[in-house]
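**Student:** Take a look and give me a structure for this.
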Amino acid sequence: MRAMLCTAFGGLDGLELGDIESPRPEDDEVLIDVSVASVTYMDYLMASGGYQMRPDLPYAPGTDAVGVVRQVGADITNFKIGDRVACSNWFGGFAEQMVAKEWRCAKVPDGVEDAPAVTVLHNYLTAYYALIVRTTLVQDETVFVTGAAGGVGLATVEVARKLGGRVIAGIGSDNKAQIVRQAGASDVVNYRSENLRDRIKALTNGKGVDVCFDNVGGDVLLQMARLMNWNGRLMPVGFTSGDIPEVPMNLPLLKNYSIVGLFSGAWCEKFPKESFLANEVIMDWLAKGDIRPHIDRILPLGGARQAMQLIVDRAVQGRVVLKI
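**Tutor:** Here you go, the predicted structure:
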């Protein structure tokens, strides 16, 4: 089958179009004919060799895909051949066929197009796990989301607003302000051009934020470690800055706040029933119009390298989708 392959852990230079053997589903997996795939920063990080997992080479990157079920394993009960599904895996989406565990799939509701459907499981499941499971966000709490214009960031802004939170969106360029406001942010902070400490203190009357969902790491997370409210929850999600900071542990002690780790992929592995139900909830939100994922652009399969470069350059608002 045709696929975009990672042939060496060298980032974009290791990607090339090629052919690879079609995967075979295990008893608890489905095999789909892929129509579209979503491109994430994790795809780039894994292809660069910087992720905690290194698949055998060559492999097809791509965590999320939508397509039609071609084959089901012996233990599958929720899906049948011909169903249109969204699915997630650690890799495999940038190819004509992909396998995924049953509990990492969800039926795509009638009337929902492929492109938005392929963006929701990774993005919104991360936001769901962060705000509903890990930090148990309650109404009127203040949430600060860094990297807010990216796919996961926008999803978190939307879900936080849906749960009744007040959302402050952190962005790195002013041209991203409009999209985060459209997603539900009441205030916007450009942490590259504004004084983050002064702005957060002004927006929270000196109290700080209740929940910080940080995609960036580095100096941004270190500053937010000093800008948490009493009983707040500081959540490291990713390190797109390339800098993994060390937080002085007297800071959470003084404010009685928690540092809450977030690794939604591991949660899915350890709690498959819960994650499967969460996927169904998210697809129901999508069908009802409660969430509106933003598609930055749609590229052909051969555009995977371009898509990853756009993500690295922080030139993407929402998600880039590949049409397989």
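**Student:** Direction included, what does the helix or strand containing residue 30 pair against?
**Tutor:** Here residue 30 sits within strand 29-39, counting by DSSP states H and E. Partners of strand 29-39 in the sheet, by DSSP bridges, are strand 64-72 (antiparallel), strand 97-101 (antiparallel), strand 319-323 (antiparallel).
**Student:** what ranges of the stretch 151-300 of the chain fall below the confidence cut-off?
**Tutor:** The model of the stretch 151-300 of the chain has pLDDT under 70 over residues 241, 243.
**Student:** what are the ranges of the helices in it?
**Tutor:** 151-162, 177-183, 196-203, 218-224, 250-255, 264-270, 272-288 (DSSP state H, counting those that start in this stretch).
**Student:** same for the second one, what does it pack against?
**Tutor:** Read it as helix 177-183. If contacts are counted by 3 or more CB pairs under 8 Å, 6 or more residues apart in numbering; DSSP states H and E, helix 177-183 sits against helix 151-162, strand 166-171, strand 187-190. Using the backbone N, CA and C atoms, a C-beta is placed for each residue, glycine as well.
**Student:** Just the element for the residue nearest the centre of the chain, please.
**Tutor:** Geometric centre of the chain, nearest residue: residue 123, 3.3 Å, by CA atoms, centre = their mean. Secondary structure assigned from DSSP H and E places residue 123 in helix 114-128.
**Student:** Send me that helix as CSV with only the CA atoms.
**Tutor:** C-alpha atoms of helix 114-128 as CSV (Å, rounded to 0.1, in the frame of the first residue of the first chain):
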residue,chain,number,x,y,z
ASP,A,114,-14.4,13.3,7.3
ALA,A,115,-12.1,16.3,7.8
PRO,A,116,-13.5,17.6,11.1
ALA,A,117,-14.1,14.1,12.3
VAL,A,118,-10.4,13.2,12.0
THR,A,119,-9.3,16.1,14.2
VAL,A,120,-11.4,15.4,17.3
LEU,A,121,-10.1,12.2,18.9
HIS,A,122,-6.6,13.3,19.7
ASN,A,123,-7.4,17.0,20.3
TYR,A,124,-10.7,16.8,22.2
LEU,A,125,-9.8,13.6,24.0
THR,A,126,-6.8,15.4,25.4
ALA,A,127,-8.9,18.3,26.4
TYR,A,128,-11.6,16.0,27.9
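**Student:** for that helix, packing partners?
**Tutor:** With contacts defined as 3+ CB pairs under 8 Å, 6+ apart, the packing partners of helix 114-128 are strand 29-39, strand 64-72, strand 84-88, helix 151-162, helix 264-270, helix 272-288, strand 295-300, strand 319-323.
**Student:** now those in CSV, with distance to residue 172 and mean neighbour count?
**Tutor:** Shown next, in CSV, are the helices and strands packed on helix 114-128 (distance: least, CB to CB, whole Å; neighbours: other CB atoms under 10 Å):
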stretch, distance to residue 172, mean neighbour count
strand 29-39, 19, 25
strand 64-72, 24, 23
strand 84-88, 27, 26
helix 151-162, 11, 27
helix 264-270, 23, 17
helix 272-288, 27, 17
strand 295-300, 15, 16
strand 319-323, 17, 24
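**Student:** In CSV, list these along with distance to residue 99.
**Tutor:** Shown next, in CSV, are these (distance: least, CB to CB, whole Å):
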stretch, distance to residue 99
strand 29-39, 5
strand 64-72, 9
strand 84-88, 8
helix 151-162, 23
helix 264-270, 15
helix 272-288, 15
strand 295-300, 23
strand 319-323, 18
